[in-house]
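Novice: Everything below, folded, please.
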Amino acid sequence: MTKTRPAPDPSASSLLVWYDRHHRTLPWRLSPADLAEGQRPDPYHVWLSEIMLQQTTVGAVKAYFEKFLTLWPTLADLASAPEEDILKAWAGLGYYSRARNLKKCADHVVLHHNGRFPETAKALKELPGIGDYTSAAIAAIAFDEPVAVVDGNIERITARLYRLQEVLPKAKKEIKAKVAELTPSERPGDFAQAMMDLGASLCSPKKPACALCPFSGACLAERAGDQESYPRKAPKKAKPTRYGAAFLIRRNSDQALWLRKRPGKGLLASMSEVPGSDWSGKSAENFDLTTALDHAPEGLDFHKLDGQVIHTFTHFHLVLDVYEAISKEAAPTDIGWWSSAQELANEALPTVFRKVLALGEKAEEERRERQAK
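Specialist: Predicted structure coming up:
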């Protein structure tokens, strides 16, 4: 009787050989060759990139990372910057609490650690805005601590390697334990980044390229042929949809827009916005004109623009009707400021309000086209 042979154990060495050949070139990363020559990662670069990469794609982060280094080349430079300037530079990257935590963390490291990041995951986790994943990633990549680094890509790889049946998020504890077993004492930072690169390339959510994977033959899900069913996930809850209105106010003389600052706490705290209603409407119908204008600045003649702004936040979808009015030189309220077309690009406007502005610009272009006929 022929016995089924057990799967070979996955090893860090096979992954590192693959990484040496196929690693991604990223502006915040030193290559294996750089490290072999004795160069060391800049902890400031590692920290900054890891905060930016939380819930954001590598493609979106590259330009922001380079812009931040141009504006604030060192941690001390960032700590000395006003929070408002950091929020402006961050605008469009989303999850704005991360930008506020950048400032808090930079201030804390300068004040309490002489401008140098702690070198262990445990100490790093005590800093503002740094949790389990980020502390482990910085410790491994910047300081060679052999600690388990687990992000979404690594969860997927590990769940497939061991064909873990537990459903996320309950499986996180077992996944972390497996990653800790795999993490080598030498080159732990390269190992963590190799796992990230593997998940971003070969071990994709759909149609993974298993034949090219360095773990091929050792992966239990590959052997079973059910890779795409891992990691196991609980069904997602449907996101609610909220409704509201946004009010574009243009100055007659130069088409500058009236902006105001959001409250210092809550969603999109301290960011810039156009005036608007609360986002509490729960009806499936569009925001009613009469109800909307109850929230508009007084003394202006608003008209509704065609179309809507649709935006998705982490916990809900948002649908906004947009209204526009032309104002004379006088400010429509005591709270806010006029922002010219040249200044708008540098305002701390979140993406949802950039969409509002885009709808207004589209309406303006259509008006000019009608007038030209």
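
Novice: which residues sit in contact with the residue most central in space within the chain?
Specialist: With distances taken as CA atoms, centre = their mean, T56 lies nearest the centre of the chain, 3.1 Å away. Taking CB atoms under 8 Å, 6 or more residues apart in numbering, we find T56 in contact with 93-95. Every residue, glycine included, has its C-beta placed from N, CA and C.

Novice: mind listing the helices in the stretch 201-350 of the chain by residue range?
Specialist: Here the stretch 201-350 of the chain has its helices, by DSSP state H, counting those that start in this stretch, at 220-224, 289-293, 341-344.

Novice: Deepest in the core, which of these is it.
Specialist: Most buried of these by mean neighbour count (mean count of other CB atoms under 10 Å) is helix 220-224; its value is a mean of 18.

Novice: Counting by contacts, list what that helix packs against.
Specialist: Here helix 220-224 touches helix 152-162, going by 3 or more CB pairs under 8 Å, 6 or more residues apart in numbering; DSSP states H and E.

Novice: The helix or strand that the helix it packs on is followed by: how far from the chain's middle?
Specialist: Heading C-terminal from helix 152-162, the first helix or strand you meet, by DSSP states H and E, is helix 172-182. Relative to its chain's centre, helix 172-182 lies at 24 Å (CA atoms, centre = their mean, to the nearest Å).

Novice: which strands and helices sit next to the next helix or strand after helix 172-182?
Specialist: Sequence-wise, the next helix or strand downstream of helix 172-182 (DSSP H and E) is helix 188-200. With contacts defined as 3+ CB pairs under 8 Å, 6+ apart, helix 188-200 has these neighbours: helix 12-22, helix 132-143, helix 152-162.

Novice: Let me know the angle separating the first one from helix 152-162.
Specialist: What separates the directions of helix 12-22 and helix 152-162 is an angle of 130 degrees, with axes from the mean of the first three to the mean of the last three CA atoms, to 10 degrees.

Novice: which parts of helix 12-22 are buried?
Specialist: Residues of helix 12-22 classed as buried by neighbour count (16 or more other CB atoms under 10 Å): 12, 14-16, 18-19.

Novice: Can you name the element that comes right after that helix?
Specialist: Helix 12-22 is succeeded, C-terminally, by helix 32-36 (DSSP H and E).

Novice: Could you check that following helix and say which residues are buried?
Specialist: For helix 32-36, a neighbour-count test (16+ other CB under 10 Å) marks 32, 35 as buried.

Novice: Could you export the following helix or strand past that helix as PDB, CA atoms only?
Specialist: Sequence-wise, the next helix or strand downstream of helix 32-36 (DSSP H and E) is helix 43-53. Listed next in PDB are the C-alpha coordinates belonging to helix 43-53 (Å, rounded to 0.1, in the frame of the first residue of the first chain):
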ATOM      1  CA  PRO A  43      13.600  54.300  10.000                       C
ATOM      2  CA  TYR A  44      11.900  57.600   9.100                       C
ATOM      3  CA  HIS A  45      11.400  56.300   5.600                       C
ATOM      4  CA  VAL A  46      10.200  52.900   6.700                       C
ATOM      5  CA  TRP A  47       7.700  54.500   9.300                       C
ATOM      6  CA  LEU A  48       6.400  57.100   6.800                       C
ATOM      7  CA  SER A  49       5.800  54.500   4.100                       C
ATOM      8  CA  GLU A  50       4.100  52.000   6.400                       C
ATOM      9  CA  ILE A  51       1.700  54.600   7.700                       C
ATOM     10  CA  MET A  52       0.900  55.700   4.200                       C
ATOM     11  CA  LEU A  53       0.400  52.200   3.000                       C
END
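
Novice: And the very next helix or strand once past helix 43-53, what does it pack against?
Specialist: Counting by DSSP H and E, the next helix or strand C-terminal to helix 43-53 is helix 58-71. The contact analysis (3+ CB pairs under 8 Å, 6+ apart) places helix 58-71 against helix 43-53, helix 83-90.

Novice: Just the buried residues of helix 58-71, please?
Specialist: Neighbour-count burial for helix 58-71 flags 58, 61, 64-65, 68-69 (criterion: 16+ other CB under 10 Å).

Novice: can you put those in a markdown table and add pLDDT and distance to S201?
Specialist: Shown next, in a markdown table, are those (pLDDT from 0 to 100; distance: CB to CB, whole Å):
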| residue | pLDDT | distance to S201 |
| --- | --- | --- |
| V58 | 93 | 11 |
| V61 | 95 | 17 |
| Y64 | 95 | 22 |
| F65 | 97 | 20 |
| F68 | 97 | 26 |
| L69 | 97 | 26 |
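
Novice: Could you dump these into a markdown table and include distance to E155?
Specialist: Formatted as a markdown table, the buried residues of helix 58-71 follow (distance: CB to CB, whole Å):
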| residue | distance to E155 |
| --- | --- |
| V58 | 17 |
| V61 | 20 |
| Y64 | 25 |
| F65 | 24 |
| F68 | 28 |
| L69 | 30 |
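
Novice: among the helices and strands of the chain, which has the poorest mean pLDDT?
Specialist: When the helices and strands of the chain are scored by mean pLDDT, DSSP states H and E, helix 289-293 comes last with a mean of 75.

Novice: Output it as PDB, nothing but the C-alphas.
Specialist: Extracted in PDB, the C-alpha atoms of helix 289-293 (Å, rounded to 0.1, in the frame of the first residue of the first chain):
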ATOM      1  CA  LEU A 289     -34.700  70.200  -2.300                       C
ATOM      2  CA  THR A 290     -36.700  71.900   0.400                       C
ATOM      3  CA  THR A 291     -35.000  69.900   3.100                       C
ATOM      4  CA  ALA A 292     -31.600  70.500   1.600                       C
ATOM      5  CA  LEU A 293     -31.900  74.300   1.500                       C
END
